[in-house]
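In: following is a predicted model, sequence given first.
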Amino acid sequence: MLDDNLPTFRFKASADNPLSNILYFTQNGTDPAAEYVFRRADPALPASRNRYAVALCDPANPAVIYGEVLVEPEWSQPTLSTTEVRAQQQSGAPPAPATATVPDTFIIQLYNPDQSVAVRMVSGGFTKSDSWEFEMPVQTFRQPSASELDRQQSASPADLVPRIMFRWKKDGRLSKDLTCYMSGTNLGGRKNKEPDITVALFKAARDSVLTVYQPNLHRVEVEDRKGLEVVLLLAAEVIKDLFVAPKTDLFNIQGGGPTQATAANGGKRKNSRPAVTFAAVPSILPAGTPSMSGAIGGKPPTTSAAKLNRPVSPPRTSMNATPTAEVDAETRRLREMVEREEREREKRERAEQKRIKKMLEEEDKERRRREAEIAKETERLRKKYGVEGQELPALPPRPTNAAPPQVFPPPPSSIYGAPPQHFYKPPKQNGGLGPGPWGGPPPTLPPRPVSAGPAGRPSAGPFHCSTLNTIWNGPGGAGWNFTPPQHLAAQFHGQQQQQQPRPRRGSGREEDGRRVQKKRSSHW
């Protein structure tokens, strides 16, 4: 078994009847409960000779049959050579008996509504195992209608109803276990293959177990789920009896049937389609007798010689044969039941709306009560402690000269004289913006250290340091009476000339007494 939570059917032999098996159903770990009774034909009855018949019945009422299977063998005469036929005629021996073989197809008959499901065997090869295919219609039941024409017309043609294709397949060539897959759809003979989807798993044993793989059932678009369940159970057990693990004298050709021990345990044979070398015994039942009328149980009907030559229609009642009065009464009963359920549903909806409205009013009332209590407590605390000290303190006034004064670096000096005037401009004194960002008076400088000497304008010279400029200027600022060499003086004057701005070219105006000519293109 795959999982205890999945729907599982267990075949258990009945203690009262060895030809019956009780199917116990379990799901989600529940206790086993009798769901169906799997019955085989009584081999002692004459009606069950040359037949294999099984049925699925109700455990409480065995007369209720959900579905049944009837399989008759295929008879074939052995092929003899001309010499063998001549020797047989000369010796006067009887002809060789016919050979019974298992057919490739069997039919599962469902009731209420009546439906036939054909299961066809597909032989496998050296690398493929055998499989058995069958189809189920998507829509099985008729749509309810008040029209007499809709009730009288026959069912829709089979070519117009889409059908779901299923396939039972052995897990291996030497394995007896089977797995059922949904392999696609069929509409009017046009098949649409799809990837296999697991539907059920069957473990073939003395007490077989069938597990329905429920997670994939929502992908199976079959309206008659009960019919699909019955087809899975019957097809799995019949495939086991006919092909996987066949029993001795499967079709009850000998008459009288096997003993109870043989029926309960069953013998084994090597191949799935054996050759039975018993003589064919014609059936005593008429051609039109129902398939399970004498095979499931009870005494077979006694027929006279005149009745044997006359076909008998099956005592089945279809949905079209139901009297009109009963249909109308059932329709009225269903309509009244639907109206009663509709009134009850509306009553429940109104009660639910009233309950929700009352709940919302209670919540609103509780919210207002809490808000009133909070306001009352706040007013009490205000009267008791007052409101002093609850205001935020005022921010201090913003200072006007909060930013530090900006100190500019000393301007650079020229090599042989005082720095140019545009490098340094003194601050304005008459209310203008000073060095500070808000235009206040210039800040007072800290006292000058004694080692720096008296305050004043720095001495002129090529150096930034006043000490070096003093040494450069000489004692008293009169210089050292040193005349530079001629080549140094010429080099110094050449550097000054290079620093002078050069005249612009191409302006077309006279500069330094000369007229600058524009360069003309040679192409124009």
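Out: Great, that's in hand.

In: okay, now the domains of the chain?
Out: Structural domains assigned to the chain are 8-143+153-298, 326-370, following automatic domain parsing.

In: want to throw those into JSON lines with mean neighbour count, mean pLDDT and distance to Thr467?
Out: To be clear about C-beta, it is placed using only N, CA and C from the backbone, and glycine gets the same treatment. Compiled in JSON lines, these are given as follows (neighbours: other CB atoms under 10 Å; pLDDT from 0 to 100; distance: least, CB to CB, whole Å):
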{"stretch": "domain 8-143+153-298", "mean neighbour count": "16", "mean pLDDT": "81", "distance to Thr467": "101"}
{"stretch": "domain 326-370", "mean neighbour count": "10", "mean pLDDT": "91", "distance to Thr467": "86"}
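
In: can I get those domains in a markdown table with distance to Pro462?
Out: Compiled in a markdown table, the domains of the chain are given as follows (distance: least, CB to CB, whole Å):
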| stretch | distance to Pro462 |
| --- | --- |
| domain 8-143+153-298 | 98 |
| domain 326-370 | 88 |
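
In: from Gln115, how far off is Arg382?
Out: Plainly put, Arg382 is 86 Å away from Gln115 if you go by CB to CB, to the nearest Å.

In: stretch 114-129 spans what distance, first to last residue?
Out: Taking CA to CA, to the nearest Å, stretch 114-129 runs 32 Å from one end to the other.

In: same thing with stretch 97-111?
Out: 38 Å.

In: when you give positions from now on, start the count at 17
Out: Let's use 17 as the start, then, which means that last one is stretch 113-127.

In: for the protein, which helix is longest?
Out: If you go by DSSP state H, the chain has its longest helix at helix 340-401.

In: hang on, Asp223 in a helix?
Out: No. Read with DSSP: H, G, I helix; E, B strand; the rest coil, Asp223 is coil and lies in no helix.

In: contacting residues for it?
Out: 26-29 (CB atoms under 8 Å, 6 or more residues apart in numbering).

In: which ones among the residues you listed are found in strands?
Out: Cross-referencing the contacts of Asp223 against strands under DSSP state E gives 26-29.

In: nearest to Ser92 among those?
Out: Phe27 (32.9 Å; CB to CB).

In: and that closest one, how far from Lys144?
Out: 28 Å.

In: mind listing what the residue nearest to Asn33 when sequence neighbours are not counted touches?
Out: Residue nearest to Asn33 in three dimensions, not counting chain neighbours: Arg55, with 8.0 Å by CB to CB, 6 or more residues apart in numbering. Arg55 sits next to 33, 35-36, 70-73, 78, 312-313 when contact means CB under 8 Å, 6+ apart.

In: closest one of those to Thr46?
Out: Leu72 (21.2 Å).

In: touching, that closest one and Tyr52? I think so.
Out: Yes. The pair Leu72 and Tyr52 passes the contact test of CB atoms under 8 Å, sitting 5.2 Å apart.

In: who touches both of those two?
Out: Common contacts of Leu72 and Tyr52 (CB under 8 Å, 6+ apart): 82, 249.

In: where does Pro160 land on pLDDT?
Out: With respect to pLDDT, Pro160 scores 77.

In: measure Pro89 to Ala31 for me?
Out: 31 Å.

In: one more: Val53?
Out: For Val53, the distance to Ala31 (CB to CB) stands at 13 Å.

In: repeat for Gly243
Out: From Gly243 to Ala31 the distance is 30 Å (CB to CB).

In: outside of the longest strand anywhere in the chain, which residues touch it?
Out: Counting by DSSP E, the longest strand found in the chain is strand 206-219. With contact meaning CB under 8 Å, 6+ apart, strand 206-219 is reached by 17-18, 181-184, 193-202, 224-229, 232-233, 235-236, 248, 252, 256.

In: what bits of the stretch 417-540 of the chain have low per-residue confidence?
Out: 417-477, 491-540 (pLDDT under 70).

In: could you redo the last one with a cut-off of 50?
Out: For the stretch 417-540 of the chain, the stretches with pLDDT under 50 are 430, 438-440, 446-450, 522-524, 526-527.

In: about what we covered before: which of the domains of the chain sits closest to Gly402?
Out: Per CB to CB, nearest to Gly402 of those: domain 342-386, 25.6 Å.

In: if we can go back for a sec, quick one: which of the ones in strands among the contacts of Asp223 is nearest Pro262?
Out: Phe27 (16.8 Å).

In: let me see the contact set for the closest one.
Out: 37-39, 54, 223-226, 253.

In: one more pass at 7 Å, please.
Out: The neighbours of Phe27, taking CB atoms under 7 Å, 6 or more residues apart in numbering as the test, are 37, 39, 54, 223-224.

In: nearest residue to Val177 other than its sequence neighbours?
Out: Nearest residue to Val177, sequence neighbours excluded (CB to CB, 6+ apart): Pro153, at 4.9 Å.

In: quick check, that neighbour in contact with Met181.
Out: No. Applying CB atoms under 7 Å as the test, Pro153 and Met181 come out as separate, 11.3 Å apart.

In: would you map the helices across the stretch 217-366 of the chain?
Out: Here the stretch 217-366 of the chain has its helices, by DSSP state H, counting those that start in this stretch, at 241-255, 276-281, 321-324, 340-401.

In: now render these as TSV, adding distance to Pro160.
Out: Shown next, in TSV, are the helices of the stretch 217-366 of the chain (distance: least, CB to CB, whole Å):
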stretch	distance to Pro160
helix 241-255	18
helix 276-281	45
helix 321-324	41
helix 340-401	8
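
In: which one of those helices lies nearest to Leu176?
Out: So among these, helix 241-255 is nearest, using CB to CB, at 19.3 Å.

In: which elements pack onto that closest one?
Out: strand 68-73, strand 81-87, strand 121-126, strand 131-138, strand 147-153, strand 179-186, strand 194-203, strand 225-228 (3 or more CB pairs under 7 Å, 6 or more residues apart in numbering; DSSP states H and E).

In: can I get the ones you listed in a markdown table including distance to Glu377?
Out: A markdown table is the format used below for the helices and strands packed on helix 241-255 (distance: least, CB to CB, whole Å):
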| stretch | distance to Glu377 |
| --- | --- |
| strand 68-73 | 59 |
| strand 81-87 | 56 |
| strand 121-126 | 58 |
| strand 131-138 | 58 |
| strand 147-153 | 55 |
| strand 179-186 | 54 |
| strand 194-203 | 55 |
| strand 225-228 | 51 |
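
In: out of those, nearest to Glu362?
Out: Of all the helices and strands packed on helix 241-255, strand 147-153 comes closest under CB to CB, at 36.9 Å.

In: helices and strands around the closest one, which ones?
Out: Counting contacts by 3+ CB pairs under 7 Å, 6+ apart, strand 147-153 is packed against strand 131-138, strand 179-186, helix 241-255.

In: for the ones you listed, give me TSV that also has distance to Thr214.
Out: Shown next, in TSV, are the helices and strands packed on strand 147-153 (distance: least, CB to CB, whole Å):
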stretch	distance to Thr214
strand 131-138	18
strand 179-186	10
helix 241-255	12
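
In: those: which one's closest to Gly490?
Out: strand 179-186 (122.3 Å).

In: residues contacting that closest one, please?
Out: Contact partners of strand 179-186, identified using CB under 7 Å, 6+ apart, comprise 145-154, 194-202, 207, 215, 236-238, 251-252, 255.

In: do the same with stretch 340-356
Out: Outside stretch 340-356, the residues that touch it by CB under 7 Å, 6+ apart are Arg167.

In: rewinding a little: want to throw the contacts of Phe27 into CSV with distance to Asn489?
Out: Shown next, in CSV, are the contacts of Phe27 (distance: CB to CB, whole Å):
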residue, distance to Asn489
Asn37, 134
Leu39, 129
Phe54, 134
Asp223, 129
Ser224, 127
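
In: for Met137, state which of the residues you listed is nearest.
Out: Out of the contacts of Phe27, the member with the shortest distance to Met137 (by CB to CB) is Ser224, at 19.2 Å.
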